[in-house]
Each structure stands twice: as structure tokens, then as C-alpha cells.
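In: need a 3D model of the following:
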Amino acid sequence: MARMKLLAARKAKTVKTAKAPAKEVGPGSRGWTGRGGGMAQLLPSVREYRGTTVQVCGLWPFSSGASSPMIGVPLGRHEETQATVCCDPISWFQRARLISNPSAFVLGKPGLGKSTVVRRMFIGLSAQGVHPLILGDLKGEHVKAVKALGGQVIKLGRGVGYMNILDPGQAVEAAQLLEDSGHHEDAARVRADAHGRRLTIVVSLITISRNNPPTDQEQTILDRALRVLDERFEGVPVLRDLLDVIVSAPDELRQVALDRGDMNIYLQETRALEATLLGLTGGGKLGEIFSRQTTNPIKRDRAVVFDVSSIDETETDLQAAVLLACWSYGFGTVNVANALADAGLEPRRNYFVVLDELWRALRAGKGMVDRVDALTRLNRSVGVGQIMISHTMSDLLALPAEEDRMKARGFVERSGMVICGGLPASEMPLLTSAIPLSRQEQQKLISWQDPPAWDSRGVDVEPPGRGKFLIKVGGRPGIPVQVGLTSVEHGPDGVNDTDGKWHGSAEPLLDPAAPILPIEGGPL
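Out: Numbers count the residues shown, from 1 in each chain. Below you'll find the predicted structure:
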């Protein structure tokens, strides 16, 4: 009995072995398994390249389509797919139809490349026939690029350059050309726009000087004084001429001052206004920049940058006043160019307006948000793209009045696209209230704002988020891009070099220490 069981067991084992052939030994899809095998835990991503059908005709048809828009100025590569990313507000509005208005807002901590990405955009747009207008360069970062484009550099500052805010610019000549060609309504519109912009900038300067806006009656007196000045003054007036008109007390001003025939009432109503204008003509905290004739008038047919880097960082009121004056001057030039193009007197020109350091102007005084809003409301019908630059949402919302904070947040909400660099975690609730961001996108922005690693060798280590930006359009997923610089942009002599004052080899104050030699007969 036991022998039969043993034979049955051997037979079953033989049958089982025949049904299960020996498994061949070989590597898996990720390599050899086991100790010393070296199996890969993560498959590396394959680098992707782009090319036209003429350049890579032998590889057609392509294996996959593009994952990012290819219309606009090339910025760099997609951080995840390595695909080329092209982006600018004008191309995405005009050609790609991806955004509803040609505007953008750039947010990011200092030193991460906000100015670099904006500079790449306006350099690329200039090659497409769009004229960049950098209306206030506080650090002189864009001067090299504009010079390389053959543009105009307008310097403003104490003893450097002056801007006459009462100068209608090219509006008078343009209105005369329109009238001569029979476009009387357009000529009247150009004159009215020039008058409104001059009044707005005068009111803005008074607001900055006082830290409070002028009263309604003072604004009415200023409006009537400008009209009287245009009727009676020959040539281009300055602020001193406007002050002289108010001091002379003509009947037109006494009527709007409601003095009822009493000169004492008129003097009482205009006393504060005269004192403020006297400070703007020289001697006040805004200096003499706005008290003389314009030293370098703007040109409409080329790139323009207003270099205001000579103004010290501590003079915040003066910086804000100069920025507003540059914005008003630039937008007035755009309107003149559009009016002449509509009448067929000049070729159509498109402009790309850059508004840097927006927060400085917003903090200048109460009511400045309304002034900036009135200056920057360029709709898509005027053929102008614009981009605003600030550091964080907290800078825009650090205003005393709630209505001003809501309007400042509207600058971001109304933008066609928002380009975000590295931002702290505290910014995420404020940012997500204006644009939708997923949790992964928020974590990406937070990681980009980390400082560089410590390096005791003295080697220049870049922050992990330098040159990295997230392009957001509405509720669509953001496009993370790593901006790539060309040889013309990069290097000590490139147009992106903003640290030129640190390139010179400074002489050390102390001689380097001599190497320590071991004492003879002593320990090493």
C-alpha cells in the first residue's frame, strides 16, 4: 500500500513538471531585477524637439501634437514637456484669439526675471512692427534693449531732463492736420483729449503733493484756467503760466469760484491751490522736473523708453509723479497716432505699453487708483497692448480705502493673461481671489520663490525660480515656462545685464593671507 502511494506521488510530480516548463531568465521592461541588477525605478523623459516640415520632412508624420501655443514671441520651453512656449498679449489676442483683450499683468518677487520676460516680449514684438513704449524705467533696465532697437531714450530727473505737463505734445499739430484735411470732428476730439489729459495729470500732481486730492471746486477752477490759458497764451505754457492765470483772477475764474463779486472770497478759495502750484513750479518735494519745457519730445515711429533711474529710491512721491506724467504723455501720443491713422494721414502703428512698478503710483495718495485707472483704460479698439508689472498682490491691496483696493485688484482681473513668478505662500489667498489656481500651481509658485542653495566656494548660484513663470488665462491650466536667453541677451554685455556696476574688479582692501606652513620639527 505504501509502495503504491509513493509511485502515485512520483507520477503526479512528473506530470506537474511537464506542464510547467522552466522560465527563461532575462531582463524586464525596466532592466534586470534582483540584487545588483540595476532595475530603473523611474523612466527618464525623452527630450522633444520642434521643427518645420521643411527642416524635418523625413520625420513626417509627427508622433504627437504641440502642447502649448506656437503663436507669439518665443519665451522658452515648457517646464514639464520641454515644448517651445510662445506668448505675448498682442499675438494671443490678434492672431491666436486666446484672450479677450491685449493686456497682461506680471507678478513675482524681485530678482526672478520679471523685467527679462517683459523685455523678451517687446523685443520680439518690435520685430513684428509693434513699437514698445516703456513709460517709466526706474532702474534703467530697458535702456540697452531700446538702444539696440534704434529707439529713443528720454531721460528725466533733477538736472537731467524736464517734462512740461501742460505741453499738449503733438496734439496741436495733429489737430491742425486733421482740420486741413476736412476731419473737423476728429480734430475737436484730439484737442478735447489733450485738454482732459493735461487736467488729469495736474490734478494727480496736486494729489501727490498734498497726499489728498483737490476739492471739486478747485478742479473746476483748474479746468477753466486751462481753457483761459489756451485762449490767451501764445506758444506752449508751463505751470508758472497756469499759476499766473489763477493769480490774475479773470472773470471766468471768479464765476466758477462763486465769489459773488467779493475778491476776498476768491482769494480764500484759491489760496491753497496757489500754494500747491507754487511748490510744483520749483522748491517743493516734486522739484523742478515739471516746471520747464520738455527737453526731449517723444517720437511716434520708434521704440521709446523714459529713463528715470536718476531719481533716488527714497523719493517715492517724485517717482510716482514722474511715472504718472510718463503714462499720460505716452497715452496721449498713442491717441494722436490713432487719430492720424484713422484719417489716412499716417500709416497704422501698434504700440506695446509697459507700465513698471505700478504699486509706487498707487500708494502716492488717496484717489491715485482712479487716476491710474483713467489713464490705463485702453480698450482693444485703439490697437494698443499693455503690460503692468508689480511684485505681489499685497502691494496692490495695501491701500487705506476699501474701494481703492477693489479697483486695484480689478487691474489683475481685467488683464487678458496673468504671468506669475515665484510668490510667497501668504500671497496665495489674495491671488486665488483674482485668478483661479489649482493646488499644484500654488505649490509650484511657492517653490519658485525659495532662495538659492548655500555655496561656500563663492560660486554664483541662481535661485531655483529665476526665469520660471506660470502663464494663466482665465480658468485654463497654467503653462509653466523656463525663459531661455540668447547670446545677445545673456552675458556681461547683453541687453539683460542689470548688474553692470558689479562687473568691475574691485581692489581688495586686504591682501590674501599667506599659506600656513608647518613648523620645522613640529606636527603638521
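
In: before we move on, what SS does residue 132 have?
Out: Secondary structure, DSSP: H, G, I helix; E, B strand; the rest coil: residue 132 is strand.

In: how close does it sit to residue 437?
Out: With the distance defined as C-beta to C-beta, to the nearest Å, residue 132 ends up 29 Å from residue 437. Using the backbone N, CA and C atoms, a C-beta is placed for each residue, glycine as well.

In: what does residue 292 give?
Out: 48 Å.

In: compare neighbour counts for the two and give me the winner.
Out: residue 437 (20 against 16; other C-beta atoms under 10 Å).

In: how about the contacts made by the more buried one?
Out: The contact partners of residue 437, by C-beta atoms under 8 Å, 6 or more residues apart in numbering, come to 428, 431, 445, 472, 478.

In: so the first one lies in a helix, does it not?
Out: Yes. Using three-state DSSP, the assignment for residue 428 is a helix.

In: pretty sure residue 473 contacts residue 101?
Out: No. With contact defined as C-beta atoms under 8 Å, residue 473 and residue 101 do not form a contacting pair (11.4 Å).

In: these two: which is more packed in?
Out: A count of neighbours by other C-beta under 10 Å puts residue 473 above the other of residue 473 and residue 101, at 20 against 16.

In: check that one and give its pLDDT.
Out: Looking at residue 473, its pLDDT is 90.

In: repeat that for residue 293.
Out: Note for residue 293: predicted pLDDT of 88.

In: that one: neighbour count?
Out: Residue 293: 14 surrounding residues under other C-beta under 10 Å.

In: where's the nearest residue to it once chain neighbours are set aside relative to residue 84, distance?
Out: Nearest in space to residue 293, with sequence neighbours left out and distances taken as C-beta to C-beta, 6 or more residues apart in numbering, is residue 164 at 5.1 Å. Residue 164 sits 46 Å away from residue 84, taking C-beta to C-beta as the criterion.

In: pLDDT below threshold where in the stretch 51-200 of the chain?
Out: For the stretch 51-200 of the chain, applying pLDDT under 70 flags the ranges 53, 58-67.

In: now with 90, please.
Out: Residue ranges of the stretch 51-200 of the chain with pLDDT under 90: 51-71, 77-84, 94-103, 108-115, 135-142, 157-176, 179-187, 189-198, 200.

In: helices along that one, start to end?
Out: Using DSSP state H, counting those that start in this stretch, the helices of the stretch 51-200 of the chain run over residues 89-94, 114-126, 143-148, 171-180, 184-210.

In: of all the ones you listed, which one is nearest residue 423?
Out: Nearest to residue 423 among the helices of the stretch 51-200 of the chain is helix 114-126; the distance by C-beta to C-beta comes to 11.4 Å.

In: quick one: contacts of that closest one?
Out: Contacts to helix 114-126, defined as C-beta under 8 Å, 6+ apart, come from residues 72-75, 87-91, 106, 108, 130, 132, 134, 139, 141-142, 145, 149, 303, 352, 354, 356, 385, 387, 389, 419, 421, 467, 469, 483, 485, 489, 495-496, 498.

In: what about burial for the residues you listed, which qualify?
Out: The neighbour count (16 or more other C-beta atoms under 10 Å) marks 72-75, 87-91, 106, 108, 130, 132, 134, 141-142, 145, 149, 303, 352, 354, 356, 385, 387, 389, 419, 421, 467, 469, 483, 485, 489, 495-496, 498 as buried among these.

In: so where is the stretch 301-450 of the chain shaky, pLDDT-wise?
Out: Checking the stretch 301-450 of the chain against pLDDT under 90 turns up 301, 308-339, 341-346, 348-350, 353-416, 426-427, 429-436, 449-450.

In: could you pull out the strands for it?
Out: Using DSSP state E, counting those that start in this stretch, the strands assigned to the stretch 301-450 of the chain run over residues 304-307, 350-355, 384-390, 417-420.

In: among the ones you listed, which is nearest residue 335?
Out: strand 384-390 (9.4 Å).

In: packing partners of that closest one?
Out: helix 89-94, strand 103-107, helix 114-126, strand 350-355, helix 358-362 (3 or more C-beta pairs under 8 Å, 6 or more residues apart in numbering; DSSP states H and E).

In: partner strands of that strand and their direction?
Out: Partner strands and pairing direction for strand 384-390 (DSSP bridges) are strand 103-107 (parallel), strand 350-355 (parallel).

In: just the CA coordinates for the last one, please, in PDB.
Out: Okay, so that is strand 350-355. C-alpha atoms of strand 350-355 as PDB (Å, rounded to 0.1, in the frame of the first residue of the first chain):
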ATOM      1  CA  ASN A 350       0.500  99.400 -33.000                       C
ATOM      2  CA  TYR A 351       2.100 100.000 -29.600                       C
ATOM      3  CA  PHE A 352       3.100  97.800 -26.700                       C
ATOM      4  CA  VAL A 353       2.900  99.900 -23.500                       C
ATOM      5  CA  VAL A 354       5.000  98.700 -20.500                       C
ATOM      6  CA  LEU A 355       3.900 100.100 -17.000                       C
END
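
In: what does that strand contact?
Out: Applying C-beta under 8 Å, 6+ apart, the set of residues contacting strand 350-355 from outside is 88, 90, 118, 121-122, 125, 129-136, 142, 323, 327, 330-331, 334, 337, 376, 378, 383-389.

In: if we go to 6 Å?
Out: Identification of contacts with strand 350-355 by C-beta atoms under 6 Å, 6 or more residues apart in numbering yields 122, 125, 130-134, 334, 383-388.
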